[in-house]
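task: produce atomic coordinates for the following.
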Amino acid sequence: MPDTQERRIDEASDAMDSTADAMEQRSDRVGESIEETKSTWSQAKASEQVPTAAGDWEDTDDDAGGDDPAGFDDPESLDLDDEDLEDDDGYGKNDE
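Modelled structure (predicted):
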């Protein structure tokens, strides 16, 4: 095998080794980050000072603000007339 091919193979092998080492280091950092996040999450769940998003909706004060659920239009409960379902061309929206 000529020297140039051997040299290219060696360079490619070195590049693959370098890439593998870099990926291993990244994997280790990701693993450490995951463990740190799990620890932080466990501490937050155990702490009484950390507020939670869970609550009892039935006991929610109406003056708390937010959207009025009574004003929500459920699309399944709407009665649409046939003319509401037609486009300008006289065909239904789903008809082509």
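
what about Ser13, how many residues nearby?
The number of residues packed near Ser13 is 10, by other Cβ atoms under 10 Å. In short, each C-beta sits where N, CA and C put it, glycine included.

you'd agree it is in a helix?
Yes - Ser13: assigned to a helix according to DSSP: H, G, I helix; E, B strand; the rest coil.

distance check, it against Pro51.
From Ser13 over to Pro51 the distance is 55 Å, taken as Cβ to Cβ, to the nearest Å.

same check, this time on Glu11
On the measure of Cβ to Cβ, Glu11 and Pro51 end up 56 Å apart.

same question for Ala44.
For Ala44, the distance to Pro51 - Cβ to Cβ - is 10 Å.

now the helices for the chain?
3-46 (DSSP state H).

what stretches of it score poorly on pLDDT?
Counting by pLDDT under 70, the chain contains low-confidence residues at 1, 52-96.

just the buried positions in stretch 23-33, please.
Within stretch 23-33, no residue qualifies as buried by neighbour count (16 or more other Cβ atoms under 10 Å).

which residues sit against it?
Stretch 23-33 has contacts (Cβ atoms under 8 Å, 6 or more residues apart in numbering) with no other residue.

and that stretch, C-alpha only, in PDB?
Output in PDB follows, covering the C-alpha atoms of stretch 23-33 (Å, rounded to 0.1, in the frame of the first residue of the first chain):
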ATOM      1  CA  MET A  23     -18.300  12.300  22.500                       C
ATOM      2  CA  GLU A  24     -17.400  10.400  25.600                       C
ATOM      3  CA  GLN A  25     -16.600  13.700  27.400                       C
ATOM      4  CA  ARG A  26     -19.900  15.200  26.300                       C
ATOM      5  CA  SER A  27     -21.700  12.000  27.400                       C
ATOM      6  CA  ASP A  28     -20.100  12.300  30.800                       C
ATOM      7  CA  ARG A  29     -21.200  16.000  31.100                       C
ATOM      8  CA  VAL A  30     -24.700  15.100  30.100                       C
ATOM      9  CA  GLY A  31     -24.800  12.400  32.700                       C
ATOM     10  CA  GLU A  32     -23.600  14.800  35.400                       C
ATOM     11  CA  SER A  33     -26.200  17.300  34.300                       C
END
